[in-house]
Structures are given as C-alpha cells and as structure tokens.
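J.: please find the sequence and the predicted model below.
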Amino acid sequence: MSGSEPGPSTEIRHPGRSRSRTSSRLQGLIVAILIAAVVCQLVQQTDPMFPFLYFTIDSAVLEVVVMTCRLVGRAPDSLWFARARGAAAVGVILSALMFAAVIAPNSPSGGWFNAHDDLWVRTATVLFHGVAPFPVAAEFLVGSYPTRPPLKEATTFTWWPLGYLVTIAGLSSVGLATMPYVFLQPSHNGAGPTSAAVMGLWVIVIMLGSALLAGHRLVHRKTPAASTQ
C-alpha cells in the first residue's frame, strides 16, 4: 500500500480583511453607544441647557453620521470625508479628556456625578466620557485613512472645534445661546485667559490628531498579504 503523508496545513491570512471586519464591528458598537448617550441626554431632567449647545453632543452626532455612512457602505471615497471622520474622532476623545481633566474636577462634587444628577444624565456621562472614546479611537486606528504626514494632516481636524466655537460665539453675540463651558466664557474669565484656553485646545486637537494618525500608520504598516504555517 502506497501513499503520502499529508503535508502541513496552509492557512492564508489577510490582515486587511481582518481589520475591515473589526472596523465594521466597532462602527456598529460606536453608533449604538453614542445614540444611547444622546437619547439619555435628551430625556434627562437635570441639566436645563439645550443639549446641542454642547460640543460633546455635537461631536457624538457627527461621529454617528460618519460611522453610519461607513457601516452601510455609503461613505464617500474622498479626502474631505476622511477628515470629517478624523475630526469627529478627535472631538469625541477631546470631550472626554476635557471632562475628566477640567470639568469634573471643578464641579460641585469634584467628580463625575453631582448629588442632583438623575439616572439619565449619569448614564449619558458614562457613555460619552467613559465608554465611547475607546471604540472610537480603536476604529480610527484599524479603519482606512489616506497616507499623509500626521502633523500636517492633524491641523485639518481643527475646523470642527473652531467651527463650534465660532458658531456658539455668534449665537451668544445675538442672545440666542450661552457658552456652556465656563472656562471658555470671556465674561467669566476675561479675554486673555479665554484666548489662552482656546489656543490650548487648538494645540491639544493637533496633538490628538497626530497621535491617532501616527497610531494608524503603525497599525497599517506593510505586512505580508498572506502567511503559511
């Protein structure tokens, strides 16, 4: 009886396909988390401020729109859409960082929750600032993005927070809105400190964007299209 021993099994791996599946799963997770957070913020009875005056909520809505377009295969294959995705990701992460580092420590309780906060606003706080930033950052790292110099490209993400500031300032000037963040209110802090805070935020946005883009480049380093074992 003659025959041959079976050779070693061959497994073809496609890193790009695996990252694509991971990205799709993260997109669905992000949409679910942020929609739940926005709904909680809309129905809460603690904060009387109009919800969409908050940069946190506006960034969440932008992220949901971008992720939904990617999830259903309707994302435009263009640089402007890629930059909108980057700006949304930076906006979500920036909101969480500023809440944890500036807003929460200066709240009446000195923490994430105040005594009068209802369950809805507490849930929104956790989802916006304690949960969402992680899948948002992960999705940006594993998803596709045009190869461009990180620092220079990160400056294009600043249009989102700067556009928010200009819009709120314009609405405030005609009495239609109030800046919801005390550290960005000239009437409370003075023009000098407020300008310094804005410049600091601009630098942080560029640093966050550069870090995300550098991390994305690292994740997508040239790897073999297939390997055998």
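T.: Arrived safely. Numbering: from 1, shown residues only.
J.: quick one: the helices in the chain?
T.: Shown for the chain, the helices assigned by DSSP state H span residues 15-43, 55-71, 79-98, 119-125, 133-142, 150-154, 159-173, 186-189, 191-219.
J.: format these as CSV; extra columns: mean pLDDT, mean neighbour count and distance to residue 109.
T.: Just so you know, the C-beta spots here come from the backbone N, C-alpha and C atoms, and that holds for glycine as well. Listed next are the helices of the chain as CSV, based on pLDDT from 0 to 100; neighbours: other CB atoms under 10 Å; distance: least, CB to CB, whole Å:
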stretch, mean pLDDT, mean neighbour count, distance to residue 109
helix 15-43, 90, 17, 19
helix 55-71, 96, 21, 19
helix 79-98, 96, 21, 17
helix 119-125, 97, 18, 12
helix 133-142, 96, 21, 22
helix 150-154, 93, 17, 34
helix 159-173, 94, 15, 26
helix 186-189, 88, 13, 20
helix 191-219, 95, 16, 23
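J.: hmm, who's touching stretch 67-85?
T.: Stretch 67-85 is contacted by residues 23-24, 27-28, 30-31, 62, 66, 139-140, 143, 145-146, 153, 156-157, 159 when judged by CB atoms under 8 Å, 6 or more residues apart in numbering.
J.: and residue 128, how far from residue 209?
T.: With distances taken as CB to CB, to the nearest Å, residue 128 is found 20 Å from residue 209.
J.: same thing with residue 195?
T.: In terms of CB to CB, residue 195 sits 21 Å off from residue 209.
J.: same deal with residue 105?
T.: Taken as CB to CB, the span from residue 105 to residue 209 is 25 Å.
J.: show me what contacts the spatially closest residue to residue 150 that is not a sequence neighbour?
T.: Excluding its sequence neighbours, the residue lying closest to residue 150 (CB to CB, 6 or more residues apart in numbering) is residue 213, at 3.7 Å. Counting by CB under 8 Å, 6+ apart, residue 213 touches 86, 145, 148, 150, 153-154.
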